[in-house]
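*Asks:* need a 3D model of the sequence below.
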Amino acid sequence: MKIAKAIRTELRVTLLLLVPFVLFMFGVVIYFLLDACSDRVFATEYSPGNKFKAVIVERNCGATTSYNYIIKTGRSDQSYFLKDIGWVYGAVLDDGKYGVRVTWVTDSTIQVSYSKCRRNNAEPGPVTLDGTGITLMFAPQSDDQYW
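*Replies:* Model prediction:
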C-alpha cells in the first residue's frame, strides 16, 4: 500500500511539473511559427534616372502598436535582397492618417516626409549601390516632429 501511494504521489508531482513545462514549450513554438507581424509594400518610388528604387514596407504588428515604415533601396530591376536604409515608426501625415511620403531629391538622396512620428532612424553613412552612395533624409512637416 505504501509503495503504491508513494508512486501515485511521485506521478502527481511529475505531472504537476511536466504539464506546465510542455504547455510553455508549445506556446513558444507556436509564437515563433506564427509571426505576429505582417509586412506589405506601401509605396515604390524610382530615382530620377530610373537606376534605383526606394521601397517602403509597412509593418503592422497588431492593434497595440503603431505602423513601422521600413525604407529599402536597390537597383530598379531588383526585387529581392534590397538594402535597409532606415525606418520611421508611428508616422502620421497632415490629414491624421498613418503613412509617409517618399521622394527622390537626386539620384543619390531619398527624402521621407511626414507630419509627426514617434521615432526614426537612418543607417549611418550612405548605403552603396553600384558604386553610388544612397543617403536618406527625414523631412518632418511639423516643428514638433515627435509625439
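
*Asks:* domain assignment for this protein?
*Replies:* For the chain, automatic domain parsing gives the domain ranges 1-34, 38-140.

*Asks:* adding mean neighbour count, write those domains out as TSV.
*Replies:* C-beta coordinates here come from the backbone N, C-alpha and C atoms, glycine included. Below are the domains of the chain laid out as TSV (neighbours: other Cβ atoms under 10 Å):
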stretch	mean neighbour count
domain 1-34	9
domain 38-140	16
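
*Asks:* now the ones you listed as TSV including mean pLDDT?
*Replies:* Below are the domains of the chain laid out as TSV (pLDDT from 0 to 100):
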stretch	mean pLDDT
domain 1-34	78
domain 38-140	92
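
*Asks:* which stretches of this protein form strands?
*Replies:* In the chain, the segments counted as strands under DSSP state E are 38-46, 52-60, 68-75, 83-89, 101-106, 109-114, 119-122, 127-129, 132-140.

*Asks:* next, the angle strand 101-106 makes with the fourth one.
*Replies:* To tie it back to what came earlier, the one meant is strand 83-89. Counting by axes from the mean of the first three to the mean of the last three Cα atoms, to 10 degrees, strand 83-89 lies at 140 degrees to strand 101-106.

*Asks:* restricting to C-alpha, output strand 83-89 in CSV.
*Replies:* C-alpha atoms of strand 83-89 as CSV (Å, rounded to 0.1, in the frame of the first residue of the first chain):
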residue,chain,number,x,y,z
LYS,A,83,19.2,47.1,-48.6
ASP,A,84,17.6,48.6,-45.5
ILE,A,85,18.4,52.3,-45.4
GLY,A,86,16.2,53.5,-42.5
TRP,A,87,12.8,53.4,-40.8
VAL,A,88,10.1,55.6,-39.4
TYR,A,89,7.8,54.4,-36.5
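
*Asks:* ok now do the residue nearest to residue 87 when sequence neighbours are not counted, which residues does it touch?
*Replies:* Spatially, and ignoring its direct neighbours in sequence, residue 87 is nearest to residue 70 (4.8 Å; Cβ to Cβ, 6 or more residues apart in numbering). Each residue near residue 70 by Cβ atoms under 8 Å, 6 or more residues apart in numbering is listed here: 39, 56, 57, 59, 84, 86, 87.
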